[in-house]
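Student: any chance you could fold what I've pasted below:
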Amino acid sequence: MSGTDLLRRAVTQLRAAGIDDPARDARRLLAHVLDQPPGRLTLVMADPVTDAQADAFDALITRRAGREPVSHLIGKRAFHGRDFLVTAAVLDPRPETEILVNQSLEAAFSTVLDLGTGSGCILLTLLAERPKAVGLATDLSDAALAVARRNAAQLGLLDRADFAPGAWFDPVPGTARFDLIVSNPPYIARDEMPALAPELAHEPRMALTDEADGLSAYRAIAAGASRHLVPNGRLVVEIGPTQAGAVGDLFLAHGLENVSVHADLDGRDRVVSGVFLPQIDP
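Tutor: Numbers count the residues shown, from 1 in each chain. This is a model prediction of the structure:
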């Protein structure tokens, strides 16, 4: 049996399971099993595969048909030009989160705080892009922090990244101040969860929803940001497409200024940013 035979059979199975792009997913999984770069897969498709490779591929296709994310099956996800370890303990890095990273890189910073870091993809990308910067990441999940530390080690960033367990600002020293605070918090409202794609059932629920109106995290983040930002420091957060107004109002209510909304590549509101400008006594 060749790779072409395996791929043809897999695409049929994934299409029957309702996978949106069965050929893309099947090719990614086959490249993983054959230990080939995805761009080189076509060159080896006609070669015979071993029984062990065929069995491994079939097992992955069965799991994908059960709606496990491809990133969980291959153990990694590309984000902003780098590969990040991904497990069921963390949110799968998504292309829209790169909007948050790009916006954060628009201005200089030397210290950054990432609230609810998950895989660490935001903090570690920022540190990789700014070689002199240092950062702190917090997360309520010890399992997520373990994944983030492994990603930091893989990227050679352990000397510039610290990790602390706890919710939002709770583990941050009271005197700590940062040039930049970032977060991609859980923003899906509880009543929106049943309508989500089946793949999200394999991701940590606490990273997706606050089990309320989707704004709980922003209330906590906006309330604490001014205590941990230096003058002219920035707060940049990812949002759901309908939340720009509510999150912007929270920023303004807690002393942030120059509040702006930034769209993703589909034109949907995706990121809100603000600047901490302390009031100067007359």
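Student: lowest-pLDDT helix or strand in the protein?
Tutor: Taking mean pLDDT, DSSP states H and E as the measure, the chain has helix 41-44 as its least confident helix or strand, at a mean of 92.
Student: quick check: residue 112 is in a helix.
Tutor: No. Counting by DSSP: H, G, I helix; E, B strand; the rest coil, one finds residue 112 to be strand, located in no helix.
Student: per-domain residue ranges of the chain.
Tutor: With domains defined by automatic domain parsing, the chain comprises 3-66, 80-276.
Student: could you work out the end-to-end span of the longest one for me?
Tutor: Start-to-end span of domain 80-276 (Cα to Cα, to the nearest Å) is 27 Å.
Student: average pLDDT for it?
Tutor: Averaged over domain 80-276, pLDDT sits at 97.
Student: can you list contacts of stretch 227-234?
Tutor: 104, 107, 109, 111, 113, 169, 172, 174, 176-181, 235, 273-278 (Cβ atoms under 8 Å, 6 or more residues apart in numbering). C-beta coordinates here come from the backbone N, C-alpha and C atoms, glycine included.
Student: buried members of the residues you listed into PyMOL, please.
Tutor: Buried residues within the contacts of stretch 227-234, by 16 or more other Cβ atoms under 10 Å, are selected in PyMOL with:
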select buried, resi 104+109+111+113+169+172+177+178+179+180+181+235+273+274+275+276
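Student: from the contacts of stretch 227-234, which land in helices?
Tutor: Within these, residues falling in helices by DSSP state H are residue 104.
Student: show me the contacts for the residue nearest to residue 19 when sequence neighbours are not counted.
Tutor: Closest residue in space to residue 19, ignoring its immediate chain neighbours: residue 25 at 5.9 Å, by Cβ to Cβ, 6 or more residues apart in numbering. Neighbour list for residue 25: 14, 19, 64, 70 [criterion: Cβ under 8 Å, 6+ apart].
Student: the closest residue to residue 275 other than its chain neighbours: neighbour count?
Tutor: Nearest non-adjacent residue to residue 275, counting by Cβ to Cβ, 6+ apart: residue 258, 4.4 Å away. As a burial measure, residue 258 scores 12 neighbours (other Cβ atoms under 10 Å).
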